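Engineer: predicted coordinates and the sequence they were generated for:
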Amino acid sequence: MTSERWGQIKGVLADVMETDPSERSAALDRLCSGDADLRGEVEALLALEAQAATMLNTGDAPGRPHAEMAPPAAIGAYRVVRELGQGGMGVVYLGERADGQFRQQAAIKLITSGRHNARMERRFRRERQILAQLQHPGIARLLDGGATDEGQPYFIMEYIEGQGLLEYCDGNKLSVTERLHLFLDVCDAVAYAHQQLIVHRDLKPGNILVTAQGKPRLLDFGLGQVLDADEGAEEITQAGFPAMTPAYASPEQARGEPYTVSSDVYSLGVILYELLAGLRPYKVPTESYIELARVISEQEPVPLAQAAGKGTTEAAEMRASTPERLRRTLSGDLERIVAKALAKDARLRYAGVGELADDLQRHLDGRPVKAHPATLWYRAGKVLRRHRVALPAAAAGLALILSFAGSTWWEARRAERRFQQVRSLAHSVMFELDDAIRRLPGSTAAQELLVRRALEYLQSLARDAGNDAGLQHEVAMGYERVGMVQGYASESNLGRVPAALASFQKSAEILERLHARAPSDRSLRNDLYRVSDELAFTYGASGQSQKAGEIARKNLARTEAAFREQPSDTLILTDLISANDRIIDQFINQGKYAEAIPIRQRGLELTRKLVELRPGNPEAQRSLAVEEKKLAALLGVSHRYQESRDAYEQARAIDERLSAQYPSNMRAKLDLSFDYSDLGWVLTEMASYSEALASHRRALALREEAARADPNDVRAANGVASTTMRIGRTLRHMGNLEEAMAESQRAVVLFERSSDHQNLADAHSDLGDEWADMAARRGTLPARQQECRSRSMAEYQKALALFEGLRDKGVLSKADEKNIPELKESMEKLRQAAH
C-alpha cells in the first residue's frame, strides 16, 4: 500500500467515524465514489475498531477462553515440572526427561484444551515445522513433537536459561559497543532464518534470551511464516486483527499488509533503538487500532541521540556512560543507522538484516556506513579516525593532497603546472583506479563515488580550459563511466536508467562535436561509436525502441564504412559487432526472430574474427561467449532447441574457463550464471526437467553470491529474481505445483523490490497459471477449485494491469504485447470453467 493510498483511506475513515453509525453506509457510498477496494479497506478498519482495545491490551482475540485444565503429569518422554508461561497459542512448561535414557531439561509447548481448534492447530504445526527447518546456534532448537493421548499437539524445545535481552544488558551495565556486538549476534540468527525463507513476525526483546555465557537465543516463531507461502497466511490474523506486538510492529504490519524481511528489519530497528537509548521510538497507543496504525505509519521517532539526551542518569549508567557522553555516542552514524532501519517506507530501509548488520560492523570498525551520505569529507574523516594511530603519515599526506587540490582551484588559470597535476590526478582516479576496483565484489557504489568526484574536477577544469579538445574528450569519457555505473544493463549497475541515459547522451554530444572538428582522429571516432552503441542499447533496454533504432541504424552505417576501410582494426571491429547487435534488438522487439538469426550468425562470425586478431585476450573470449548466448536465445525462441543447447554449451565452456582464470572477477561469475540459467530454460523446453532444475540452481547460487557481495547491484538482484521465476516454471512442468508457487511468489516479492514491472507481470502471470493448474488437478474438491480459480483470476488481473500500463507508456515491445490477449484468453477460460 502506498503512502498516498493510506492517506486516502485515513481521510475517508475520519469522515465516516464522525457520522452516526446508521448513516455510515450512505457516507461510504458518497466518499468512496464506487472505489470498491477503498470501501473494503475502510470497512475493515471500522470492523476492527470495536475489538482492537481488547486485542491490544491482552494480546488475544476477543472471546478467547483463558480457563484451562490442570497440566498433564507427563508429555511424551518428559515429566512436567512447572509452568514457564502462557502465550497466544497455549502454555509452555518446564519438563525433565523421565524415561531414564539420560538427564535433560526441555521447554514443552502445548495447545491447551480451551485454545484447541483447527485454525490454532494449523498455526501450531506451522511453528513446529519452522523450528524443524532452523539449525542455528542463535535459535532455540526443536527436540521432539507429537500429540498427547487427548489429541493435544505439543512440541519440545531445548530449555534456554537466561535473561531477556534488555534485562541482561541493563543488569550487566553493558556499554554501547558491547550491546552492539550482542545485537549483531541477534542479527545473525534472524538473517539465517531469512535465508531459509522464514520471517519471524514478532521480534521483540522478550523473545530474545541471553544465556549466562552472553549468547543471545531467539525464541517463539509462533507468528513466523514461510516467505511466499500461501498456506496459513490468513491465519496470521485473529478475528480480523493483525497478530503482533504493537510496540515493535512495522507500519505495513499495523496496516495488515504482507509481511516481508523488511518488516523484521523494522522490528530489529525498534529493538536496537531501545537497547541503545533506553526508550522506545514512540509511545504506541493501545486503546484504538486506528490510532495505533496511524502512529506507527506516520509519527516519526524522536532522533536516537535526542532520546538518549532526555534519558535519566540511571539509564546512562546502565550503559557505562553519562547522559551527555551517551548522547554524543549515539549521534552521527548510529542515529542514521537506526533511522534507516525505522524508515516508514519499506523501500528506504535496509534491504535485509545482513545490510543492517554490515553497517553496524562498519561503525564498530570505524569505516564509513551506508546510512550516511557518502560525502568526500565524511569518508576522509573516517579514514583518518580509523588509522589515527597507525597511519599518521597517511593522514598528513591526505591533508596535504586536499590542501594542494584546494589551492589548485584558485590558481588554475595562472599555474598551468598545477592545472595539469589536478587533471592527471582526476584522470588517474577515473580510469586507472576505477578499472582496478570495478571487477571486485561490492564495488558498484564505490565506483560511482570515484567517477563522480573525478568528473566534477574535470568539468570544473574544462570550464576554465575553454576549447581544450583533450580535456573535453576526458569529460566525455567521464560521462560514459558514470552512465555505465548508473544503469548500463550489461554491467553491474545501480538501476538508475534515466540518469544513465542522460550521462550517455552528454558523452555522445561532446564526442559528436569533437569528431566533427577532427574526423581523422581514430580515438575520437571509436569512442563515439562505442558510446552511441551504449546509448542505443540503454534506450532499447528501457523500452524506447524507436529512439534506439534511430541511433542504431546511424551507428551501423558509420561502423560498416570504417570497417571496409580498416578490416584489421580490432576497435572498429568491436564497434561493428555491437552495432550489429543493436539492429538485431530491433527485430527481437518486433518478434521477428527468424529474420534476426542470420544477422546474429554474422555477428558471431565477426566475433570469431576478433578472437583471431586478439588471441588470448579475455575480453575477446568473453565477447565470443556473449555472441554464442545471443544466438542460442534466438534459436531457442525459434524452437530449434538442440542447436540452442549446443550454442549455450559453447558459451558455458568459455565462461567457465574465464571464471576459473579470474576467480575474484564477479562479472565472470555473473556471465557463467547466465549460461546456466539460459541452459536451464532451453532444457525445460526440451522436457529435460531434472537437468534444467539443476542448471537453474547453479545459476541461482552464483547470482545470490553476487547479490550478497554487492547489494547495490541491480543486475545481480534481478538475476536472482529471474532465475527464481524460471525455477518455478520448471517445477510446474514437473508437476510440483506447491513448490512452483512458492518460487513464483518469491519472484513476485523480488521483482516488486526492484520495480521491474515487466518481469513482475510475468511472475504474476506464472502464479495465475499455477493456481489454474491447481484448480484443474484431479481430485480437487469443488470448493477448493473455486478458491484456486479466484486466486488465479486475481494474479492474471495484476499481470494484465502491469502489461497494459507498460504498453500505454510505450515501453512494452511488440513481441511482449502478445501477453495481453493471451492473458485475456486465460481469464475467459477461467470464467467458463466456473460455470
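Structural biologist: Cool, got the structure. Numbering: from 1, shown residues only.
Engineer: and Arg530, which of the three is it?
Structural biologist: helix (DSSP: H, G, I helix; E, B strand; the rest coil).
Engineer: residue contacts, it?
Structural biologist: Contact analysis of Arg530 by C-beta atoms under 8 Å, 6 or more residues apart in numbering lists 480, 574-575, 578. Heads up, the C-betas are built off the backbone N, CA and C, glycines and all.
Engineer: of all pairs in those, which one is the farthest apart?
Structural biologist: Glu480 and Thr574 (15.0 Å; C-beta to C-beta).
Engineer: show me the domain layout of the chain.
Structural biologist: With domains defined by automatic domain parsing, the chain comprises 3-58, 77-158, 163-369, 377-409, 412-545.
Engineer: going by mean pLDDT, which of these comes out lowest?
Structural biologist: Mean pLDDT across the domains of the chain is lowest at domain 377-409; the value there is a mean of 42.
Engineer: Val91 reaches Ala107, doesn't it?
Structural biologist: No - checked against C-beta atoms under 8 Å, the pair Val91 and Ala107 is beyond contact range at 10.8 Å.
Engineer: quick check: Leu219 vs Gly164, distance?
Structural biologist: 10 Å (C-beta to C-beta, to the nearest Å).
Engineer: now Ala489
Structural biologist: The value you get for Ala489 to Gly164, if C-beta to C-beta is used, is 49 Å.
Engineer: same deal with Gln546?
Structural biologist: Look at Gln546 and Gly164: by C-beta to C-beta, they are 63 Å apart.
Engineer: and Gln196, by the same measure?
Structural biologist: Distance of Gln196 to Gly164, computed by C-beta to C-beta: 25 Å.
Engineer: ok, the two, which is more surrounded?
Structural biologist: Legend: neighbour count by other C-beta atoms under 10 Å for Gln196 and Gly164, higher for Gly164 (16 against 13).
Engineer: phi first, then psi, for the more buried one.
Structural biologist: phi -60, psi 160 (degrees, to the nearest 10).
Engineer: which residues of the stretch 651-800 of the chain fall in helices?
Structural biologist: 666-685, 689-709, 714-733, 737-754, 757-776, 782-808 (DSSP state H, counting those that start in this stretch).
Engineer: for the fifth one, packing partners?
Structural biologist: Put plainly, it is helix 757-776. helix 714-733, helix 737-754, helix 782-808, helix 819-834 (3 or more C-beta pairs under 8 Å, 6 or more residues apart in numbering; DSSP states H and E).
Engineer: repeat that for the fourth one.
Structural biologist: With contacts defined as 3+ C-beta pairs under 8 Å, 6+ apart, helix 737-754 has these neighbours: helix 714-733, helix 757-776.
Engineer: do you know which of those helices lies nearest Glu612?
Structural biologist: The closest of these to Glu612 is helix 714-733. By C-beta to C-beta, the value is 30.3 Å.
Engineer: from the chain's centroid, how far away is that closest one?
Structural biologist: In terms of C-alpha atoms, centre = their mean, to the nearest Å, the centre of helix 714-733 is found 14 Å from the chain centre.
Engineer: list the buried residues for that helix?
Structural biologist: Within helix 714-733, the residues that qualify as buried are 714-732, counting by 16 or more other C-beta atoms under 10 Å.
Engineer: do the same with stretch 686-702
Structural biologist: Under 16+ other C-beta under 10 Å, the buried positions of stretch 686-702 are 688-689, 691-693, 695-696, 698-700, 702.
Engineer: for stretch 734-743, same thing?
Structural biologist: For stretch 734-743, by 16+ other C-beta under 10 Å, it's 734, 736-737, 740-743.
Engineer: do the same with stretch 644-656
Structural biologist: For stretch 644-656, a neighbour-count test (16+ other C-beta under 10 Å) marks 644-645, 647-648, 650-652, 654-656 as buried.
Engineer: ok, now stretch 158-167?
Structural biologist: By 16+ other C-beta under 10 Å, the buried positions in stretch 158-167 come out as 159-160, 162-166.
Engineer: okay if I get the residues you listed as TSV plus distance to Asp358?
Structural biologist: Output for these, formatted as TSV (distance: C-beta to C-beta, whole Å):
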residue	distance to Asp358
Tyr159	33
Ile160	27
Gly162	27
Gln163	28
Gly164	26
Leu165	21
Leu166	24
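Engineer: turn those residues into TSV, columns for distance to Leu279 and secondary structure.
Structural biologist: Formatted as TSV, the buried residues of stretch 158-167 follow (distance: C-beta to C-beta, whole Å; DSSP: H, G, I helix; E, B strand; the rest coil):
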residue	distance to Leu279	secondary structure
Tyr159	32	coil
Ile160	27	coil
Gly162	24	coil
Gln163	20	strand
Gly164	17	strand
Leu165	15	helix
Leu166	11	helix
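Engineer: let me know the closest of those to Asp585.
Structural biologist: Among the buried residues of stretch 158-167, and counting by C-beta to C-beta, the member closest to Asp585 is Leu165, at 54.9 Å.
Engineer: hang on, that closest one packs against Gly214?
Structural biologist: No - between Leu165 and Gly214 there is no contact under C-beta under 8 Å: 11.4 Å.
Engineer: between the two, which contacts overlap?
Structural biologist: With C-beta under 8 Å, 6+ apart as the test, Leu165 and Gly214 both reach Leu182.
Engineer: longest strand anywhere in this structure?
Structural biologist: In the chain, with assignment by DSSP state E, the single longest strand is strand 78-86.
Engineer: just the CA atoms of that one, as CSV, please.
Structural biologist: Provided in CSV are the C-alpha atoms of strand 78-86 (Å, rounded to 0.1, in the frame of the first residue of the first chain):
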residue,chain,number,x,y,z
TYR,A,78,9.1,-35.7,29.7
ARG,A,79,7.7,-35.2,33.2
VAL,A,80,6.1,-31.8,33.7
VAL,A,81,7.9,-29.8,36.4
ARG,A,82,6.2,-26.4,36.3
GLU,A,83,4.6,-23.8,34.1
LEU,A,84,7.0,-21.4,32.5
GLY,A,85,4.5,-19.1,30.9
GLN,A,86,1.4,-18.7,28.7
